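need a structure here:
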Amino acid sequence: MKLVSTQITGIILIISAIAMLFVIFSFNDSKLQLNSFLHQDCNLPENVCPFTKSIPDETAVAYALDSIIAICGIYLLFKKQKYDEKKVEKDKKKEEFVKKLEPDDKKIYEMISSSGGIFQSELVEKTGFGKAKITRILDRLESKGLAERRRRGMTNIVVAKN
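Numbering: from 1, shown residues only. Take a look at the predicted model:
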């Protein structure tokens with residue numbers, strides 16, 4: 001199974017939360033040791049002395065924030081991505097259309113998809129086909145949802161549709 005970006009983000013958040021947990025724990029441990037040392041010289045009763053808290057306020061806040069980060073990471077790790085299933089299905093249909101294309105249509109489609117975007121006049125020059133033939137091929141590709149023409153000045157830019 002291929003990990004998708006939300007799952008990778010979830011893993012990163014979980015690892016970060018675990019690392020932060022160790023940092024918080026170390027901080028809390030050193031703080032408690034310091035507090036016990038300071039409490040030795042304190043004249044206040046134990047129930048009033050600020051050095052006798054088992055978990056300082058800042059540590060409690062840090063644990064809460066760390067928990068939120070961990071929960072977000074777990075959520076992202078196990079989140080199902082519905083749009084991926086639709087995209088896979090759409091890609092399969094697209095591949096079927098491309099396989100069934102006539103040789104000239106396939107040649108034009110490959111030129112469009114490899115370039116990202118190409119002027120319609122460039123297609124005429126590079127293939128040696130006439131303008132009318134290129135227009136008919138692009139009409140077929142557009143009707144199948146494989147390409148799109150975008151008007152730019154006096155000419156069209158042809159791009160592959162996703």
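
average model confidence for whichever strand or helix holds Ile112?
In this structure, Ile112 sits in helix 103-115 according to DSSP states H and E. For helix 103-115, mean pLDDT is 88.

ok, Leu123 touching Lys133?
No - taking contacts as C-beta atoms under 8 Å, Leu123 lies outside contact range of Lys133: 9.9 Å. Every C-beta, even on glycine, is put in place using the N, C-alpha and C of the backbone.

more neighbours: the two, which one.
Leu123 (23 against 15; other C-beta atoms under 10 Å).

do you know how far the more buried one is from Ala132?
12 Å (C-beta to C-beta, to the nearest Å).

the worst-scoring helix or strand of the chain on mean pLDDT vs helix 103-115, what angle?
The helix or strand of the chain with the poorest confidence is helix 82-100; it has a mean of 73 (mean pLDDT, DSSP states H and E). Orientation check (axes from the mean of the first three to the mean of the last three C-alpha atoms, to 10 degrees): helix 82-100 against helix 103-115 gives 140 degrees.

now do the strands in the protein.
With strands called from DSSP state E, the chain shows them at 118-119, 147-152, 155-160.

which helices and strands does the first one pack with?
Okay, so that is strand 118-119. strand 155-160 (3 or more C-beta pairs under 8 Å, 6 or more residues apart in numbering; DSSP states H and E).

quick one: low-confidence parts of the chain?
The model of the chain has pLDDT under 70 over residues 1-4, 38-40, 44-55, 81-85, 162.

please redo it, this time with the cut-off set to 50
Applying pLDDT under 50 to the chain flags residues 1.

who's sitting farthest from the centroid in it?
Asn43 (56.9 Å; C-alpha atoms, centre = their mean).

state the distance from that residue to Leu76.
Asn43 is 51 Å from Leu76, by C-beta to C-beta.

again with Lys126
45 Å.

likewise Ala17?
For Ala17, the distance to Leu76 - C-beta to C-beta - is 12 Å.

pretty sure Tyr75 sits against Leu13.
No - Tyr75 lies out of contact with Leu13 (C-beta under 8 Å); the separation is 9.1 Å.

of these two, which one has the most company?
Leu13 (20 against 12).

and Ile11, how close does it get to Met20?
From Ile11 over to Met20 (counting by C-beta to C-beta), the distance is 15 Å.

same question, Gly10
Computed with C-beta to C-beta, the distance linking Gly10 and Met20 is 15 Å.
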